[in-house]
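Undergrad: Dropping the sequence and predicted coords here.
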Amino acid sequence: MSTSTWIAAAAVVVAVAALFYARRSANAAREQTKIQRQLREDAAQPYVWADLRPSEEHGQFILLVIGNSGPTLATDVQVSITPELRTQEKERSGLIHKALADGLSALAPGRTITWNLGVPWEVITKGQPNIYRIRIRANGPFGAVPAMTYSVDLETLRYSLAVPPGTLNGIAVAIAKASKTLSEAVVGQAAD
């Protein structure tokens, strides 16, 4: 074989190797672009959640709270809870389940909707199921958000702290009470 043939053969081998690595690099770039696009879409989807929790303000009520912690509007929000929630008043349970069955047309970012289920000793009862299965479906700007299903056990709340932490409402009540006491003392001094 002549030198020029060897050089041509070597050039073909180098070209095939370069083509192989170029194709591999292009495939990796396409895959990376696909991952980046999916990350961008996932980050822009709403994050809808539901919780059964004690009231932070009063402590003596169990609440159903539905919220959107994502950056965009959630639409066609469907929340189903099984078994049917017990509430202090049977009528309230039917209204809550009807609202959930009808769904929420939209839930803005940072928005929560809260329903009062009643006092814990009426809602959390021994001998009854206190584990609720929550399923959430919603749509965002890039279509359907993956459905979430999880359980909430109200039994964990049975012996939890029932006294709310300090709130602005508590401060306002204390100020009003102090103001009234001060006013009565001033009026009493003026009368003397």
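TA: Here it is on my side, so go on.
Undergrad: C-alpha from now on. contacts and neighbour counts both.
TA: Noted.
Undergrad: Report the residue ranges of every domain in the protein.
TA: 1-44, 45-162 (automatic domain parsing).
Undergrad: ok, of those, where does mean pLDDT dip lowest?
TA: Lowest mean pLDDT within these: domain 1-44, a mean of 79.
Undergrad: chain center to it, what's the gap?
TA: On the basis of Cα atoms, centre = their mean, to the nearest Å, domain 1-44 sits 43 Å off its chain's mean C-alpha point.
Undergrad: Let me see the residues that make contact with stretch 168-187.
TA: Under the contact criterion Cα atoms under 8 Å, 6 or more residues apart in numbering, stretch 168-187 has outside partners Glu57.
Undergrad: Tell me which residues of that stretch come out buried.
TA: Buried residues in stretch 168-187, counting neighbours by 16 or more other Cα atoms under 10 Å, are absent.
Undergrad: Mind putting the domains of the chain into a markdown table with mean neighbour count and distance to Val173?
TA: Below are these laid out as a markdown table (neighbours: other Cα atoms under 10 Å; distance: least, Cα to Cα, whole Å):
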| stretch | mean neighbour count | distance to Val173 |
| --- | --- | --- |
| domain 1-44 | 12 | 41 |
| domain 45-162 | 17 | 13 |
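Undergrad: Let's have the ones you listed in TSV, adding distance to Ala174.
TA: Converted to TSV, these look like this (distance: least, Cα to Cα, whole Å):
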stretch	distance to Ala174
domain 1-44	43
domain 45-162	15
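Undergrad: residues contacting the residue minimising distance to the centre of the chain?
TA: By Cα atoms, centre = their mean, the chain has its centre lying nearest to Trp49, at 3.0 Å. Contact partners of Trp49, counting by Cα under 8 Å, 6+ apart, are Ile66, Gly67, Asn68, Ser69, Ile136.
Undergrad: and with 6 Å instead?
TA: By Cα atoms under 6 Å, 6 or more residues apart in numbering, the contact set of Trp49 is Ile66, Gly67.
Undergrad: Please identify which helix or strand holds it.
TA: Assigned by DSSP states H and E, Trp49 belongs to strand 48-54.
Undergrad: now that strand, how far from the centre of its chain.
TA: Its chain's C-alpha centre and that of strand 48-54 lie 8 Å apart, by Cα atoms, centre = their mean.
Undergrad: and what of stretch 90-100?
TA: In terms of Cα atoms, centre = their mean, the centre of stretch 90-100 is set 21 Å apart from its chain centre.
Undergrad: List of residues touching that stretch?
TA: With contacts defined as Cα under 6 Å, 6+ apart, stretch 90-100 is touched by Val79, Thr87.
Undergrad: let's go with 7 Å and repeat that
TA: Residues outside stretch 90-100 that contact it (Cα atoms under 7 Å, 6 or more residues apart in numbering) are Gln78, Val79, Ser80, Leu85, Arg86, Thr87.
Undergrad: just the angle between the helix or strand hosting the second one and strand 48-54, please?
TA: Translated: Val79. Element membership for Val79, per DSSP H and E: strand 74-82. Here the directions of strand 74-82 and strand 48-54 differ by 40 degrees (axes from the mean of the first three to the mean of the last three Cα atoms, to 10 degrees).
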